[in-house]
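1. here is a sequence together with a model predicted from it:
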Amino acid sequence: MGEVHEIFVHELQKAFPVELDSDSGGYQTATILGEKTYVVGGLDDESTFSIGVRIWDNLTGKWAIPTVLGTKPSPCKGHSALLLNNDRMLILKGGSNSDDCTWFLEVDTQFVREQKKILETEVVAWSKGVKGNGPKPIVISGPSGVGKGTLISKLMKEFPSTFGFSVSHTTRLSRDKEKDGVHYHFTERSVMEKEIRDGKFLESASVHGNIYGTSIEAVDVVADAGKRCILDIDVQGARSVRASSLEAIFIFICSPSFEELETRLRGRGTETEEQVQKRLRNARVELEHATSPGLFDHLLVNDDLETCYESLKKLLGLDGSSEAIYHSSPMTVELPLRPSISEMDQKVLINCGTAELGKTSNSLIVLDVSSLKGGAPGRTRGLYMYALDPFADKVPQF
Ligand SMILES: Nc1ncnc2c1ncn2[C@@H]1O[C@H](COP(=O)(O)OP(=O)(O)OP(=O)(O)O)[C@@H](O)[C@H]1O
Ligand SMILES: Nc1nc2c(ncn2[C@@H]2O[C@H](COP(=O)(O)O)[C@@H](O)[C@H]2O)c(=O)[nH]1
């Protein structure tokens, strides 16, 4: 069963006035899946409509406030909800343009089911919908001192509009010249452990005696800036990302010899002797994992820096040196506050109505959801949107 309208929420409010904050008047939708009703929306302190989620369980007759994972959509004054594939809801944000209107609230996907087991609570997860396939993030791994950071810096310097760095969290102390929020988010261990338990991380691992992790937000921030995300993470992290729904390209960097790795690590002069020894021991283990079947897509030897950098650019399709900019389509459409939607054959028909359309006169928009890819904790890609105008000789894409 799909969306149930506002009226139904008011019925729920009458029945359970305390839990539903009946005085708020905030716009909400209710969507039924099995024995559960997912109520989305509400009114926050600033009288803007926030997109909160609560679940009515028909079996227990109780409300549950779920743990909400992922970056949630910014507040909006209205939305529409539609259940897709019995595992996620399409949330169309009213009043927003085609770059920010499609969101998915996952309620029973594999990721959500796994998280429910881990967190032992009700879980829902937000995932922003993006048009087309978008650029795949790049995961770069390899032993400490091999030159990952050096290669990434070169790439970001030459292609500043193309790439964005996923700023990890770590419990290790900052080195001279490292800036909080730029190189890492330097974090207290207890804080980071709690955030990991709260599901804020795409992956995390204990590396050389400290915790390191990629927050979901760190990857989202880069995608929001219209850039291709680069993750510099260890092999354990790469394995976790590989197992997640984030489709990425995985590159392992190795050194020409173990002696050379040791020389570079010592030459950098950032670690104590004890830490150097620990990192070298871990390097041997990481090197063994480099050839694990299905983990890395590419292996690069960083012998001569310039040669390795050219190989990296080549495999990323950048050897022509023209900078790829991943901004979305130039054409925008703004949806009405509460778009009316219906679904047939994996196509969602959005009735916009000409009055609120603004930049285009088309009143029907088709959202093709037949080839969705990815999903929480990352983006949901593979969305296609076009206006349906019986009088137009060509179909505008968004
Ligand atoms: N091809 C190369 N030849 C010689 N020195 C290099 C080369 N690549 C990087 N280096 C040097 O090796 C040292 C380690 O490089 P870098 O800090 O980039 O390694 P890393 O893999 O990012 O390490 P970590 O995983 O600890 O962050 C630096 O001093 C860097 O200048
Ligand atoms: N699993 C993760 N590993 C990470 C992350 N950020 C960095 N790293 C890896 O840690 C080591 C050591 O880094 P250093 O800055 O202390 O020298 C290195 O191999 C990085 O790739 C992360 O978010 N997750």
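-> Received, thanks. Ligands and ions are numbered 1, 2, ... in the order given.
2. which bits of the stretch 201-350 of the chain sit near ligand 1?
-> For the stretch 201-350 of the chain, the residues in contact with ligand 1 (C-beta under 6 Å from any ligand atom) are 264, 267, 268, 302, 305. The C-beta positions use only the backbone N, C-alpha and C, and glycine is treated the same way.
3. hmm, which of these are the buried ones?
-> 264, 302 (16 or more other C-beta atoms under 10 Å).
4. what's the closest of the residues of the stretch 201-350 of the chain next to ligand 1 to residue 243?
-> Each of these was checked against residue 243 using C-beta to C-beta; the closest is residue 302, at 26.4 Å.
5. separation between the closest one and ligand 2?
-> 13 Å (C-beta to the nearest ligand atom, to the nearest Å).
6. same thing with residue 162?
-> Counting by C-beta to the nearest ligand atom, the gap from residue 162 to ligand 2 is 21 Å.
7. tell me the pLDDT at that residue?
-> At residue 162, the predicted lDDT confidence score is 94.
8. my guess is it meets residue 229, correct?
-> No: using C-beta atoms under 8 Å, residue 162 is not in contact with residue 229, being 10.8 Å away.
9. quick one, which of those two is more surrounded?
-> Ranked by neighbour count (other C-beta atoms under 10 Å), residue 162 and residue 229 place residue 229 first, with 24 against 20.
10. residues touching that one, list them.
-> 137, 138, 163, 164, 165, 166, 219, 222, 223 (C-beta atoms under 8 Å, 6 or more residues apart in numbering).
11. if we go to 10 Å?
-> Residue 229 sits next to 135-139, 163-166, 214, 218-223, 246, 248, 378 when contact means C-beta atoms under 10 Å, 6 or more residues apart in numbering.
12. now do residue 277
-> Contacts of residue 277 by C-beta under 10 Å, 6+ apart are 262, 265, 271.
13. I figured the first one was touching residue 276, is that so?
-> Yes: counting by C-beta atoms under 10 Å, a contact exists between residue 262 and residue 276, whose distance comes to 7.7 Å.
14. identify the contacts common to the two.
-> Residues within reach of residue 262 and of residue 276 at once, by C-beta under 10 Å, 6+ apart, are residue 145.
15. about what we covered before: now the contacts of residue 277 as CSV including pLDDT and secondary structure?
-> Listed next are the contacts of residue 277 as CSV, based on pLDDT from 0 to 100; DSSP: H, G, I helix; E, B strand; the rest coil:
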residue, pLDDT, secondary structure
262, 96, helix
265, 96, helix
271, 93, coil
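16. helix, strand or coil for residue 108?
-> Secondary structure assignment for residue 108 (DSSP: H, G, I helix; E, B strand; the rest coil): coil.
17. make 3 the first number, not 1, from now on.
-> Fine by me, first position is 3 from now on; the one you just mentioned is residue 110.
18. so what's the closest residue to it other than its chain neighbours scoring on pLDDT?
-> In this structure, residue 110 finds its nearest non-sequential neighbour in residue 89, 4.3 Å apart by C-beta to C-beta, 6 or more residues apart in numbering. At residue 89, the pLDDT value in this model is 96.
19. run a quick neighbour tally on residue 89.
-> 17.
20. helices of the stretch 103-252 of the chain, start to end?
-> 112-121, 150-160, 191-199, 218-226, 237-245 (DSSP state H, counting those that start in this stretch).
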